[in-house]
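> coordinates only, no sequence provided:
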């Protein structure tokens with residue numbers, strides 16, 4: 001967004017309709033611990049500084065987890081199917097409150113997730129990130145990639161209260177907009193605040209083979225199974241964090257509109273696809289804020 005990426009590298013890099021039912025207030029699916037939530041980050045937990053990272057054998061695992069988080073393709077490439085890094089959605093190396101920080105995620109599991117309808121361990125939650133957000137393959141339980149990411153998350157959460165709601169977890173939920181999210185209005189918000197970094201085509205920018213400003217849709221973005229494909233989650237993230245360093249400057253309506261625009265473009269298929277787009281929507285996307293299976297500009301989203 002204007003001169004600043006919707007996705008960023010360390011301090012910088014986001015990580016991606018017939019709305020009559022939404023406007024009428026259709027029921028939402030049960031919340032998972034990583035859904036957008038209400039609440040202020042004014043008293044959010046502060047993770048330890050990088051300078052306090054241990055240097056013993058455990059510290060080596062913590063450091064590896066940090067590097068995987070910042071440079072996912074480089075350190076965990078066999079499990080990654082796009083050009084994104086973990087830090088694209090979890091800003092400031094997973095530290096930033098209201099950007100789904102790792103310290104809050106770690107203390108929130110084990111937990112039941114409506115997405116897969118069973119109690120998930122933290123490692124299983126990380127597997128889902130690779131499968132959906134990274135459009136790749138889930139590392140097997142016990143893999144050094146998962147262990148390193150768990151170590152890094154555990155260290156960031158040092159001193160955080162376990163099993164309690166904590167300020168700054170997830171993204172602050174937005175109230176329903178005054179008007180149903182609109183593709184046309186969203187395209188104008190995108191052109192004004194996002195296209196400079198992510199391109200008019202949403203494909204981001206690269207330098208020396210490294211993604212500088214990640215793609216927001218298309219083959220190298222997150223797939224239809226990722227949480228950011230839902231405009232409810234995307235709008236909450238955008239409102240709280242974008243433009244980078246200027247979170248809260250877009251109106252709620254602008255955040256909903258640009259999220260709707262972003263999520264009205266094609267992206268990789270949901271790996272849970274079975275039989276047809278309609279059947280997959282019914283099984284996994286039966287929400288008024290999911291664009292999967294909706295027709296936009298003559299194209300059935302999810303059909304590609």
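Yep, that arrived. Every value quoted in this text rests on a predicted model; they were computed, and no experiment measured them.
> what about residue 279, how many neighbours?
12 (other C-beta atoms under 10 Å). Placement of C-beta: from N, CA and C, glycine included.
> point out the other helices and strands that the helix or strand containing it packs with.
For residue 279, the element it lies in under DSSP states H and E is helix 277-284. Applying 3 or more C-beta pairs under 8 Å, 6 or more residues apart in numbering; DSSP states H and E, we find helix 277-284 packed against no helix or strand.
> how far out from the middle of the chain is stretch 214-224?
Here the centre of stretch 214-224 is set off from its chain's centre by 11 Å, with C-alpha atoms, centre = their mean, to the nearest Å.
> before we move on, what about stretch 266-281?
For stretch 266-281 - counting by C-alpha atoms, centre = their mean - the centre lies 19 Å from the chain centre.
> all strands for the chain, in order.
111-113, 118-120, 205-207, 210-213, 295-296, 299-300 (DSSP state E).
> closest one to residue 181 among those?
Among the strands of the chain, strand 295-296 comes nearest to residue 181, with 12.0 Å by C-beta to C-beta.
> out of the strands of the chain, flag the one nearest residue 257.
Across the strands of the chain, residue 257 has its closest neighbour in strand 295-296 (13.9 Å, C-beta to C-beta).
> average pLDDT across that closest one?
In this model, strand 295-296 carries a mean pLDDT of 98.
> that strand: partners in the sheet, and parallel or antiparallel?
Strand 295-296 sits in its sheet next to strand 299-300 (antiparallel), going by DSSP bridges.
> distance between the strand it pairs with and the chain's centre?
Distance of strand 299-300 from its chain centroid, counting by C-alpha atoms, centre = their mean, is 24 Å.
> next one: stretch 261-271
That offset, for stretch 261-271, works out to 13 Å (C-alpha atoms, centre = their mean).
> same question for stretch 252-267.
Chain-centre distance of stretch 252-267: 14 Å, with C-alpha atoms, centre = their mean.
> can you check stretch 198-212 too?
18 Å.
> buried stuff in it?
Neighbour-count burial for stretch 198-212, counted by 16 or more other C-beta atoms under 10 Å, picks out 198, 202-204, 211-212.
> can you check stretch 101-110 too?
Those would be 101-109, for stretch 101-110 by 16+ other C-beta under 10 Å.
> with stretch 279-297 instead?
Counting neighbours by 16+ other C-beta under 10 Å, stretch 279-297 gives 280-281, 284-285, 287-294, 296 as buried.
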